[in-house]
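**Student:** fold the following.
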Amino acid sequence: MDTTFTQVPAPQPEPNRELYPMIVTTTETVAGQNVIATLGLVTGNTIRAKDAVRDVGASLKSLVGGELRSYTTMMVEARDEATQRMVADAQAMGADAVIGMRMTTSTVAGGASEILAYGTAVRLAGDSLPPPAPGH
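**Tutor:** Numbering: from 1, shown residues only. I've put the predicted structure just below:
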C-alpha cells in the first residue's frame, strides 16, 4: 500500500483590485516596474473597540479555548479599512503604487486598539503600469 502524499501548494488569491485600486506591496520595489518618483509617506489608520456582545462570546470561548472568530473578523475589517485609507492618501498624492507597506497596532485605551497601515507612495513609469481595475 502506497502512503505517499503529494503536497499541493495552496492557490494564491489575485490582488483585490476593487479593494486596493493600485499596487500595494511590502517589498521596496515592484517587480518588472520602474519607480520614477518617490512621493512620500502615506498612512491610514482606524481605532476599534471591543463591544459587549463580542466580549461575552469571547469570555465563553476563552473557557474552552479556540479562535475568537468575532475578534478575528473585527481585526480583518480594521486592517482592510486602514489599508484603504492609506491607498486613498496615496491616490491624493498622485501615486501609482505603495511600496514598503507595513502595519502596526497599539492600545490607545482600555479595550481599544489602533491599526496603522503605512508605506511609501511612488509613481511608476507609464509603460510599466498595470492595467486598470475593471470598471475604472
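**Student:** ok, residues contacting the longest helix anywhere in the chain?
**Tutor:** In the chain, taking DSSP state H as the definition, the longest helix is helix 69-92. For helix 69-92, the surrounding residues in contact (CB atoms under 8 Å, 6 or more residues apart in numbering) are 19-22, 24, 39, 42-46, 48, 50, 53-54, 57-58, 97-98, 101, 103, 113, 115-119, 121. To be clear about C-beta, it is placed using only N, CA and C from the backbone, and glycine gets the same treatment.
**Student:** now the buried members of these.
**Tutor:** Applying 16 or more other CB atoms under 10 Å to the contacts of helix 69-92, the neighbour count classes 20-22, 24, 39, 42, 44-46, 48, 54, 97-98, 101, 103, 113, 115-119, 121 as buried.
**Student:** among the contacts of helix 69-92, which are located in strands?
**Tutor:** Those of the contacts of helix 69-92 mapping onto strands are 24, 39, 42-46, 48, 97-98, 101, 103, 113, 115-119, 121, per DSSP state E.
**Student:** tell me the mean pLDDT over stretch 20-28?
**Tutor:** If you average the pLDDT over stretch 20-28, you get 90.
**Student:** circling back: mind saving the C-alpha coords of the longest helix of the chain as PDB?
**Tutor:** Coordinates of each C-alpha in helix 69-92 appear next as PDB, following Å, rounded to 0.1, in the frame of the first residue of the first chain:
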ATOM      1  CA  ARG A  69     -13.800  34.500  15.500                       C
ATOM      2  CA  SER A  70     -15.700  37.700  16.200                       C
ATOM      3  CA  TYR A  71     -12.400  39.400  17.100                       C
ATOM      4  CA  THR A  72     -10.700  37.900  14.100                       C
ATOM      5  CA  THR A  73     -13.400  39.300  11.900                       C
ATOM      6  CA  MET A  74     -13.100  42.700  13.600                       C
ATOM      7  CA  MET A  75      -9.300  42.800  13.000                       C
ATOM      8  CA  VAL A  76      -9.600  41.700   9.300                       C
ATOM      9  CA  GLU A  77     -12.100  44.600   8.800                       C
ATOM     10  CA  ALA A  78      -9.800  47.000  10.700                       C
ATOM     11  CA  ARG A  79      -6.700  46.100   8.600                       C
ATOM     12  CA  ASP A  80      -8.800  46.500   5.400                       C
ATOM     13  CA  GLU A  81     -10.100  49.900   6.500                       C
ATOM     14  CA  ALA A  82      -6.600  51.100   7.400                       C
ATOM     15  CA  THR A  83      -5.200  49.900   4.100                       C
ATOM     16  CA  GLN A  84      -8.000  51.500   2.100                       C
ATOM     17  CA  ARG A  85      -7.300  54.800   3.900                       C
ATOM     18  CA  MET A  86      -3.600  54.500   3.200                       C
ATOM     19  CA  VAL A  87      -4.400  53.900  -0.500                       C
ATOM     20  CA  ALA A  88      -6.700  56.900  -0.600                       C
ATOM     21  CA  ASP A  89      -3.800  59.000   0.900                       C
ATOM     22  CA  ALA A  90      -1.500  57.700  -1.900                       C
ATOM     23  CA  GLN A  91      -4.100  58.500  -4.600                       C
ATOM     24  CA  ALA A  92      -4.500  62.000  -3.300                       C
END
